[in-house]
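Chemist: okay, sequence plus prediction incoming.
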Amino acid sequence: MALMPKRVKHRKSQRGRIKGKAQRGNRVVFGDYGLQALQGGWIKATTIESGRIAAQQYIRGEGRLYIRVFPHKSVTSRPLETRMGKGKGEPDHWVAVVREGTILFELNGVTEQQAKLCFARLAHKMPVRVRMVRRRPA
C-alpha cells in the first residue's frame, strides 16, 4: 500500500519549484548509513514503497530501515483525449518533494558493505541521483 496523508487542507496543490539545498533532513540521524539525494525532484509514493520492499528483502530482518521522506503533495492529471478547459484534473498520485541533500533512507545494524549493496539496489529505483553517506561523529 503506497503512502499518502490521512487528510490534507487542500485536495489539489500547485506544482511549485524546487530551489536550493535542504536545510533540514540532511543529516543521518536514526541509522549508521543514509541515502542522500544529489538533486531535487519529486519521488512518487509507489517509488518509495518499491524502494522499501527492495531494501527489506535485502536486509532480511537483520538491520533496521528508516524512511525519511513522506509524500505530502498531490499531483493531478486529466483523462487522456480530453479537450482544453473544464478546470484542473483530479488527484492522481502523491509525491514527496525532495531537495538536494535530503536523506531519503537510513540503515542501522548492518555492515558498511551490506549497506553499500542495499543502497545500490535502492538507487536504481530512485528518479534522482543519490549517494551513500555515513553518520557524522557527534
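Modeler: In hand now; what should we look at? Residues are numbered from 1 along each chain as shown.
Chemist: what lies in contact with the longest strand anywhere in the chain?
Modeler: The longest strand of the chain (DSSP state E) is strand 90-98. Outside of strand 90-98, the residues within contact range by C-beta atoms under 8 Å, 6 or more residues apart in numbering are 2-5, 11-12, 16, 18, 22, 37, 40-46, 48, 69-77, 104, 128. Placement of C-beta: from N, CA and C, glycine included.
Chemist: those strands in this structure, which residues are they?
Modeler: Along the chain, the stretches classed as strands by DSSP E are 33-37, 41-44, 64-67, 73-77, 90-98, 103-108, 130-134.
Chemist: could the ones you listed be laid out in CSV, adding distance to Lys116, mean neighbour count and mean pLDDT?
Modeler: Below are these laid out as CSV (distance: least, C-beta to C-beta, whole Å; neighbours: other C-beta atoms under 10 Å; pLDDT from 0 to 100):
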stretch, distance to Lys116, mean neighbour count, mean pLDDT
strand 33-37, 8, 24, 97
strand 41-44, 21, 18, 98
strand 64-67, 15, 16, 96
strand 73-77, 31, 16, 97
strand 90-98, 21, 18, 96
strand 103-108, 10, 23, 96
strand 130-134, 6, 16, 97
